[in-house]
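Engineer: Got a predicted model here, sequence first, then my questions.
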Amino acid sequence: MMRKWIILAVLLLVVLAGGIPLYLQRNFKEEVVAGPGVTDVFKLSRYFSGIEGTIADTDVFELKGSEEGGKMLIIAGTHENEPSAALTAFYLIENLKVDRGTVYIIPHFNRSGSLGTQPGGGFPLYFSMETPWGEKTFRMGDRGFQALDQWPDPDVYIHYPEGQAMSYIDARNTNRAWPGRPDGYYAEQVTYATMEMIKKEKIDIVIDLHEAEAMYPVTNCIVVPEKSMSYATGASFYVKGREKFENHVERSPTAFRGLSHREIGDWSDAYPFLLESPGVHLDQITAAKTPELIMDGIDPFVLKAAEKGLLFIPYDENGFSMDRRVGQHSSVIQEIVVQWSKKNPERGLTISAPKYKEIVENGLGYFFKDPSKANKDDVYYQ
C-alpha cells in the first residue's frame with residue numbers, strides 16, 4: 001500500500017513540476033502602453049458576436065488621425081511563434097503617429113497561440129529585452145491555436161469555401177482559415193470576424209506580419225497577390241536603395257487557399273500584404289532554442305549553413321536580431337503606405353514612426369515605455 005502512495009506522490013510531483021510553469025505562462029500578462037496616437041481599444045467581437053467571451057476574441061487598437069483618409073489594418077500574431085510580429089505591433093501601438101487616416105492594430109491575432117509554446121519544440125516559455133528602465137518580458141507562443149482551446153483536430157482539414165484538403169493541424173492555423181466562417185473552427189471564426197471588420201470599415205490596406213526560417217525561400221520578403229504587386233515592388237525598391245536592406249517580393253499562389261495574402265484580396269476590396277522577416281530560431285538545425293537566440297538570431301549551425309550556401313538570406317556572425325526584424329517591418333509598412341498614398345491620394349494615409357536604422361542604432365527596447373510610470377488607464381494587458 002505504501003508503495004502505491006509513493007508512486008502516486010511521485011506522479012503528482014511530476015504533473016505539478018510540468019504543469020505549474022505552463023499555467024503561469026498561460027496567465028502571464030504582457031504590458032503595452034497605449035501611445036498618444038491610440039484613440040480607442042475594443043474587441044474584435046465588435047464585428048462578430050459569436051467570438052465574444054471566447055479565447056478567439058482579441059484586442060484591436062485604433063489610431064485615428066485628425067484628418068480623414070484611408071484605413072489600414074495591421075495583423076500580428078497570426079503565428080505566435082514568430083515574435084517579431086507581435087513586438088512590431090506593440091512598438092507601433094506605443095510609437096506610431098497618425099496624422100491622416102486610421103490605423104487598426106491587432107497584436108495577438110491568434111490569442112490562444114500566444115498562451116503556450118509548440119509542444120516538443122524545445123522553445124523557452126518567455127524571452128526578454130533590455131530597456132532604459134529595466135527588462136521587458138514577453139511570452140513565447142505557438143504557431144496555431146492551442147489544443148487546450150480547440151480540440152479535437154479533424155483527420156483532414158477541408159478549407160471553406162474552396163474545399164481544398166489540408167493537413168489536420170491547419171484547422172488551428174489562422175493563415176489557412178481565410179476568409180473564415182461563423183460556424184467553423186475558432187481559427188475560421190477569427191478570420192471571419194476580421195473579414196467582417198475589413199468590409200464594414202472599408203479598410204484599404206491589410207498587413208499580416210510574419211517570420212520565416214533562414215532556410216526557407218519565402219523569407220525576408222513581401223508576399224502579395226496581383227492587385228498589390230505594384231505597391232509592394234515600389235516599397236521593396238525603396239528600402240533596398242535608401243535603407244540598405246533586402247526585402248524582395250513574392251507572388252501569392254492562386255491554387256493554395258486559406259492564406260491572408262490571397263483570400264483577403266479575393267473576398268474584399270482591401271489590398272493585402274504579408275511581410276516575412278528572417279526568424280533564425282524557427283530553423284530546425286539550430287542549437288538550443290534559448291531566449292537569447294530569439295532576440296539576437298545568432299546560431300553557429302545556421303552560420304555553418306550560410307557558409308555552405310544553404311540559406312536564403314545574407315547571414316554572418318552578427319546574426320539577425322530582433323532589432324533588425326522589427327526595424328524592417330516598421331520601414332516596409334511605412335513605405336507601403338507611401339506607395340499607396342501616391343497612387344490613391346483620396347484614400348491616402350500619413351503616418352510616421354522610427355524606422356530600420358534608428359531602431360537598430362538605439363535598440364528596440366529604447367522605444368518601449370515603462371508601464372509602472374504610465375497612466376494606469378493607458379496600460380493594456382495582453
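Structural biologist: Nice, thanks for sending it over. Remember, it's a predicted structure, so these values are computed and weren't measured experimentally. Numbers count the residues shown, from 1 in each chain.
Engineer: what about residue 174, which helix or strand?
Structural biologist: In the assignment (DSSP states H and E), residue 174 maps to no helix and no strand.
Engineer: what does residue 61 give?
Structural biologist: Using DSSP H and E, residue 61 sits in strand 59-64.
Engineer: Could you list every helix and strand in contact with that strand?
Structural biologist: Judged by 3 or more Cβ pairs under 8 Å, 6 or more residues apart in numbering; DSSP states H and E, the packing partners of strand 59-64 are strand 40-43, strand 97-106. Every residue, glycine included, has its C-beta placed from N, CA and C.
Engineer: Would you map the helices across the stretch 51-200 of the chain?
Structural biologist: Taking DSSP state H, counting those that start in this stretch, the helices of the stretch 51-200 of the chain run over residues 83-95, 186-200.
Engineer: deepest of these, which one?
Structural biologist: Highest mean neighbour count of the helices of the stretch 51-200 of the chain: helix 83-95, a mean of 26 (counted as mean count of other Cβ atoms under 10 Å).
Engineer: Next, the angle strand 97-106 makes with that helix.
Structural biologist: With axes from the mean of the first three to the mean of the last three Cα atoms, to 10 degrees as the basis, helix 83-95 and strand 97-106 are set at 140 degrees to each other.
Engineer: Quick check: mean pLDDT of helix 83-95?
Structural biologist: For helix 83-95, the mean pLDDT works out to 98.
Engineer: got the CA positions of that helix in PDB?
Structural biologist: Included here for helix 83-95 are C-alpha records, laid out as PDB according to Å, rounded to 0.1, in the frame of the first residue of the first chain:
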ATOM      1  CA  PRO A  83       7.600  37.000 -32.200                       C
ATOM      2  CA  SER A  84       8.900  40.000 -34.200                       C
ATOM      3  CA  ALA A  85       5.300  40.400 -35.500                       C
ATOM      4  CA  ALA A  86       3.800  41.000 -32.000                       C
ATOM      5  CA  LEU A  87       6.700  43.100 -31.000                       C
ATOM      6  CA  THR A  88       6.300  45.200 -34.100                       C
ATOM      7  CA  ALA A  89       2.600  45.700 -33.100                       C
ATOM      8  CA  PHE A  90       3.500  46.600 -29.500                       C
ATOM      9  CA  TYR A  91       6.100  49.000 -30.800                       C
ATOM     10  CA  LEU A  92       3.700  50.700 -33.200                       C
ATOM     11  CA  ILE A  93       1.000  51.000 -30.500                       C
ATOM     12  CA  GLU A  94       3.400  52.900 -28.400                       C
ATOM     13  CA  ASN A  95       5.200  55.000 -31.100                       C
END
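Engineer: Check this structure for its longest helix and report it.
Structural biologist: Among all segments of the chain classified by DSSP state H, the helix with the greatest residue count is helix 2-26.
Engineer: Quick check: residue 34 vs residue 96, distance?
Structural biologist: Distance of residue 34 to residue 96, given as Cβ to Cβ, to the nearest Å: 11 Å.
Engineer: Residue 174 too?
Structural biologist: Separation of residue 174 from residue 96 (Cβ to Cβ): 23 Å.
Engineer: List the contacts of residue 69.
Structural biologist: Residues touching residue 69, when contacts are defined by Cβ atoms under 8 Å, 6 or more residues apart in numbering, comprise 100-102, 347-350.
Engineer: And residue 349, how close does it get to residue 96?
Structural biologist: As for residue 349, its distance to residue 96 is 11 Å (criterion: Cβ to Cβ).
Engineer: The strand holding residue 61 pairs with which strands, parallel or anti?
Structural biologist: Based on DSSP bridges, the pairing partners of strand 59-64 within the sheet are strand 40-43 (antiparallel), strand 97-106 (antiparallel).
Engineer: neighbour-wise, which of residue 174 and residue 96 wins?
Structural biologist: Looking at residue 174 and residue 96 with other Cβ atoms under 10 Å, you find the greater number of neighbours at residue 174, namely 32 against 24.
Engineer: I figured that one hits residue 143, correct?
Structural biologist: No - Residue 174 is not in contact with residue 143 according to Cβ atoms under 8 Å; the separation is 9.5 Å.
Engineer: Specify the local secondary structure of residue 325.
Structural biologist: Reduced to three states with DSSP: H, G, I helix; E, B strand; the rest coil, the structure at residue 325 is helix.
Engineer: How about the contacts made by it?
Structural biologist: Contact partners of residue 325, counting by Cβ under 8 Å, 6+ apart, are 84, 211, 277-279, 297.
Engineer: Can you list which of those are found in helices?
Structural biologist: Judged by DSSP H, helices contain the following of the contacts of residue 325: residue 84.
Engineer: got the contacts of residue 325 as JSON lines, with distance to residue 254 columns?
Structural biologist: Formatted as JSON lines, the entries for the contacts of residue 325 read as follows, by distance: Cβ to Cβ, whole Å:
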{"residue": "84", "distance to residue 254": "28"}
{"residue": "211", "distance to residue 254": "24"}
{"residue": "277", "distance to residue 254": "25"}
{"residue": "278", "distance to residue 254": "26"}
{"residue": "279", "distance to residue 254": "26"}
{"residue": "297", "distance to residue 254": "33"}
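Engineer: Run through the residues that contact residue 201.
Structural biologist: When the contact criterion is Cβ under 8 Å, 6+ apart, the partners of residue 201 are 71, 73, 102, 104.
Engineer: hey, where'd the helices end up in the stretch 251-382 of the chain?
Structural biologist: Applying DSSP H, counting those that start in this stretch to the stretch 251-382 of the chain gives helices spanning 260-267, 291-296, 300-307, 322-343, 356-362.
Engineer: Export only the CA atoms of the last one, formatted as CSV.
Structural biologist: Spelled out, that is helix 356-362. The C-alpha trace of helix 356-362 is given here as CSV (Å, rounded to 0.1, in the frame of the first residue of the first chain):
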residue,chain,number,x,y,z
TYR,A,356,15.1,50.5,-39.5
LYS,A,357,18.2,52.5,-39.0
GLU,A,358,17.0,54.3,-35.8
ILE,A,359,15.7,51.1,-34.3
VAL,A,360,18.9,49.2,-34.9
GLU,A,361,21.1,52.0,-33.6
ASN,A,362,19.1,52.5,-30.4
